[in-house]
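**Student:** Sharing a sequence plus its predicted fold:
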Amino acid sequence: WAGFFGELAAYQPEAVAIALDDVHLLDGATGILAGLIPLAAKLPPGVRLGLAGRRLPPLGRLVADGHVASLGPDDLRFSDAEADEWLAGRAGGTLPDAWKARLPALEGWPLGLAMLAAGAATGQYVGDELYQVQPPPRRAFMVRAGLLPALTPAALDAVVADPAAREHVDALAADHLLRAVDGGRAHRFPGYVREFLQTEAPRAMETKELVEVHRRAARWLLDQGEAEAALGHLIAAGDWTGALREAEGPLAALDAAGRHAELARWVGKFPAAVRADAGAIARWEGRLHEVAGRLAEAGAAYDRARTLAAATGDAADELAAAVRQARLAARGGDPGKFNRLALLAEARADEARPADLAELHLARALVAERRGDPARARECGEAVLSLTAEPVAPPRAGATPAVAGPRAVPAAHVGDALAAAQVDAR
């Protein structure tokens with residue numbers, strides 16, 4: 001280094017910048033760094049030395065003496081607006097939809113944005129440069145931990161069960177492959193890293209172990225009240241019985257929030273063979289037909305849901321399907337069919353879920369309003385309020401307003417019925 005800088009000074013350059021990339025690869029080469037750092041404080045005039053890497057060598061004295069300007073990951077990461085502007089320039093104006101879809105996972109990663117604009121896949125880079133360079137035990141930890149949305153000590157103990165987990169987390173955080181969240185109480189992989197790890201997991205693990213890790217993740221997430229995330233793991237594990245059992249809450253919440261595209265995506269994750277025999281899935285297929293205005297298809301799906309639930313002895317699902325049939329009858333102006341179904345549901349109310357009873361009262365409010373019976377409509381509307389949580393704002397702009405909680409009912413129905421009944425929804 002002394003000879004190099006000496007020869008450089010002999011040229012007497014007015015300004016020159018020397019860049020050394022991937023400095024973290026010199027971690028074991030202590031002699032190289034030991035010779036470089038002292039000389040960095042004595043650079044010839046006009047010479048600037050740039051070091052880039054996932055970890056930098058100790059620069060404490062240089063920093064203290066004011067010789068170092070530092071840029072960290074947060075300084076380099078593009079904001080959403082910067083990413084949009086930069087990509088729009090590369091696209092010649094409007095961003096392609098495929099680019100927009102990739103932006104959340106890239107999280108402002110500059111190289112990832114450049115690869116996206118160039119049509120290159122980021123997965124190959126992540127695999128070669130960020131994953132394969134790790135020692136085998138750390139790679140094993142990464143593919144297991146990557147199945148979790150957030151890494152806490154408790155989550156890692158419950159799901160990954162690696163005694164060296166803390167060491168792995170510290171090393172990956174030092175390499176900026178994990179980001180601290182929740183005030184440092186948890187970590188998470190950047191989206192583009194987690195995408196790769198989830199793709200890599202089936203290749204890196206035996207099927208039996210992968211299924212078991214998914215099951216442990218589902219149990220952990222259910223214990224934390226994160227049923228929608230747990231549902232994904234149950235589906236990934238092929239645990240269709242468990243997935244059907246746990247699906248009701250997350251799917252009802254999506255319905256209540258008006259997030260029907262996501263509801264359809266979840267329903268579509270169940271294989272055709274499972275959907276064919278599951279009354280609950282048939283009911284949700286009916287709901288998707290109903291919100292799309294395909295009432296005949298909705299009625300057929302609800303009929304099938306009720307038949308399947310009765311065949312398996314699932315009283316709650318049978319009643320849920322009957323309530324949906326009653327709602328369709330109320331919407332279609334068929335009071336005779338509505339009354340038959342409503343009486344059936346009310347006779348077995350002790351077997352029904354609260355959300356289904358609320359749906360029934362909503363349908364009764366609609367029928368009463370059409371019949372010109374505002375007192376009865378008001379009574380039904382008040383019954384709905386006794387069975388549902390307080391209305392809350394939607395989770396995202398443009399979504400249908402929701403009624404929160406495990407007993408959620410789509411607020412579009414709540415609003416219609418309560419408006420007809422002139423009930424104060426507060």
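**Tutor:** Cool, got the structure. Residues are numbered from 1 along each chain as shown.
**Student:** any idea which element the nearest residue to Arg324 once chain neighbours are set aside lies in?
**Tutor:** Nearest residue to Arg324 in three dimensions, chain neighbours excluded: Tyr302, at 4.7 Å (Cβ to Cβ, 6 or more residues apart in numbering). C-betas here are computed from N, CA, C, even on glycine. Element membership for Tyr302 (DSSP states H and E) is helix 295-312.
**Student:** And for Gly238?
**Tutor:** Gly238 belongs to no helix or strand, assigned by DSSP H and E.
**Student:** Please report how far it lies from Val367.
**Tutor:** 43 Å (Cβ to Cβ, to the nearest Å).
**Student:** Give me the more crowded residue out of these two.
**Tutor:** Val367 (25 against 14; other Cβ atoms under 10 Å).
**Student:** What does the pLDDT read for the more buried one?
**Tutor:** On the pLDDT scale, Val367 is placed at 79.
**Student:** Check Phe4 too.
**Tutor:** 78.
**Student:** for Asp75, same thing?
**Tutor:** pLDDT, Asp75: 90.
**Student:** for Ala29, same thing?
**Tutor:** 65.
**Student:** Could you do Glu359 as well?
**Tutor:** pLDDT at Glu359 comes out at 80.
**Student:** Correct me if wrong: it contacts Arg327.
**Tutor:** Yes. The criterion here is Cβ atoms under 8 Å, and Glu359 meets it with Arg327 at 6.1 Å.
**Student:** how close does the residue lying closest to Gly112 once chain neighbours are set aside sit to Asp22?
**Tutor:** If the residues on either side of it in the chain are set aside, Gly112 comes closest to Leu106, at 4.1 Å by Cβ to Cβ, 6+ apart. According to Cβ to Cβ, Leu106 stands 21 Å off from Asp22.
**Student:** what about the stretch 151-300 of the chain, any weak spots by pLDDT?
**Tutor:** Low-confidence regions of the stretch 151-300 of the chain, defined here as pLDDT under 70, do not occur.
**Student:** all strands in it, in order from the N-terminus.
**Tutor:** 179-181, 186-188 (DSSP state E, counting those that start in this stretch).
**Student:** I'd like to know which of those strands lies nearest to Glu248.
**Tutor:** Across the strands of the stretch 151-300 of the chain, Glu248 has its closest neighbour in strand 186-188 (28.1 Å, Cβ to Cβ).
**Student:** Name the nearest residue to Arg216, ignoring sequence neighbours.
**Tutor:** Arg216's closest residue in space is Val159 (Cβ to Cβ, 6+ apart), at 4.7 Å.
**Student:** Who are the contact partners of that neighbour?
**Tutor:** Arg144, Ala145, Leu147, Leu148, Val213, Arg216, Ala217, Trp220 (Cβ atoms under 8 Å, 6 or more residues apart in numbering).
**Student:** roughly how far apart are the second one and Arg54?
**Tutor:** Here the criterion is Cβ to Cβ. By it, Ala145 lies 18 Å from Arg54.
**Student:** same question, Pro149
**Tutor:** 23 Å.
**Student:** Pro45 too?
**Tutor:** 31 Å.
**Student:** higher neighbour count, those two?
**Tutor:** Neighbours per residue (other Cβ under 10 Å) separate Pro45 from Arg54, with Arg54 holding more: 18 against 9.
**Student:** Show me where the stretch 1-150 of the chain has its strands.
**Tutor:** Using DSSP E, counting those that start in this stretch, strands in the stretch 1-150 of the chain cover 16-20, 47-51.
**Student:** ok, the first one: who's next to it in the sheet?
**Tutor:** Partner strands and pairing direction for strand 16-20 (DSSP bridges) are strand 47-51 (parallel).
**Student:** All set, thanks.
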